[in-house]
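Chemist: model the structure of this input:
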Amino acid sequence: MCHDGYVVTDAPEGRYDADILILSLDRAEETVAAIASALAQTGASRHVIVVDQGSSPAALARITAVVAGRADATLVSAGRNLGVAGGRNLAASLGHGRVLVALDNDAEFEDATTVARAVAALDVAPALAAIGFRIVVDATGADDLSSWGYPLALLPRAAMRFETTTFVGAGHAIRRAAWDAAGGYDHALFFCWEELDFCLRAVALGWRVVYRGDLVVRHKVSPEHRVAWSGERWFYFVRNRIYIARKWDAGWGGLLPRIMAYALKGARNRMLWQTLRAVVAAGRMQMTPRPMPAPMRVYLADHDAAHRGGWRVRLRREVLAHLPGVSWPT
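Modeler: Here you go, the predicted model:
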């Protein structure tokens, strides 16, 4: 059937536990391996949903062959890159499992029970909106530092569990009830910080977020089709983070230290123009700012700010450390 112009195969009728969402853009062999890992999950009823975002005909044919004729998998060809936020919004809309589990297309679950254990963890904690998985480098098993989205002070606890304010997109689970209540991802973000933005909205509604080091995804950290930090990726990083701060009634005066840090880092890495362009773009993005509820402020202070140190530490790490030719202790 057709759904808003996209060719789709429906998810099954009736109740089931989880939709496993995978976005694809070329990288056919890695994507096929990710799909196989998802289809190998046991212990929970699940449906695999793959949204292709403009792969080459050869790559799309390879991916299609893996799911063709399967009742437990759906492939949607979007025909273009909708971004991470837009692509996962589309994927989520095509199923109705009570849990959404996302897996990068260059990653695999470490074992066949990962999804079932994530579903069980959500079942025993009704206030829990989302779970961030531990992301390790596939080749070595070491923690993937490029996918560590938490305060660095928590890195020694990578194998443990802790309450947090975000999760990493490479591997995570979201309760669909929380997803619906918070409104899914903000498609305007396109790429970068969409997980934090969702979590802030969920926390504002009274939900919690937890990191679980016992739920592991192995990441192949492929550079192919990634946006280079020397270009658009830095633009989205800066633009989206400022945009999110503005959503929560952060005036430009309050944003100035963050902007200064980004400008210094951008200048040091020859990306000052991208930084300035991002700041201007963030100011033009439409939203209605609102104040943080008091319980949300307490939650963020307890589970994020408390692990980052005071303003002197943050000034040293986020601003002064980026000055050229100056060495500052961490």
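Chemist: tell me the pLDDT at Gly310?
Modeler: Each residue has a pLDDT score; the one for Gly310 is 64.
Chemist: wait, I meant Tyr16
Modeler: Tyr16 is given a pLDDT of 97.
Chemist: swap in Asn269?
Modeler: pLDDT at Asn269 comes out at 86.
Chemist: where do the strands of the stretch 1-150 of the chain begin and end?
Modeler: For the stretch 1-150 of the chain, the strands defined by DSSP state E, counting those that start in this stretch cover 2-3, 6-7, 18-24, 46-52, 73-77, 99-103, 107-109, 128-137.
Chemist: can you tell me the SS state at Ala282?
Modeler: helix (DSSP: H, G, I helix; E, B strand; the rest coil).
Chemist: give me the neighbour count for it.
Modeler: Neighbour count of Ala282, defined by other CB atoms under 10 Å: 19. Heads up, the C-betas are built off the backbone N, CA and C, glycines and all.
Chemist: would you mind measuring from it to Arg246?
Modeler: Distance, Ala282 to Arg246, by CB to CB, to the nearest Å: 7 Å.
Chemist: coming back round to it: got the strands of the stretch 1-150 of the chain as JSON lines, with mean neighbour count columns?
Modeler: Shown next, in JSON lines, are those (neighbours: other CB atoms under 10 Å):
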{"stretch": "strand 2-3", "mean neighbour count": "10"}
{"stretch": "strand 6-7", "mean neighbour count": "14"}
{"stretch": "strand 18-24", "mean neighbour count": "27"}
{"stretch": "strand 46-52", "mean neighbour count": "26"}
{"stretch": "strand 73-77", "mean neighbour count": "21"}
{"stretch": "strand 99-103", "mean neighbour count": "26"}
{"stretch": "strand 107-109", "mean neighbour count": "24"}
{"stretch": "strand 128-137", "mean neighbour count": "24"}
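Chemist: turn those strands into JSON lines, including distance to Pro295.
Modeler: Converted to JSON lines, these look like this (distance: least, CB to CB, whole Å):
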{"stretch": "strand 2-3", "distance to Pro295": "38"}
{"stretch": "strand 6-7", "distance to Pro295": "39"}
{"stretch": "strand 18-24", "distance to Pro295": "29"}
{"stretch": "strand 46-52", "distance to Pro295": "33"}
{"stretch": "strand 73-77", "distance to Pro295": "38"}
{"stretch": "strand 99-103", "distance to Pro295": "25"}
{"stretch": "strand 107-109", "distance to Pro295": "34"}
{"stretch": "strand 128-137", "distance to Pro295": "14"}
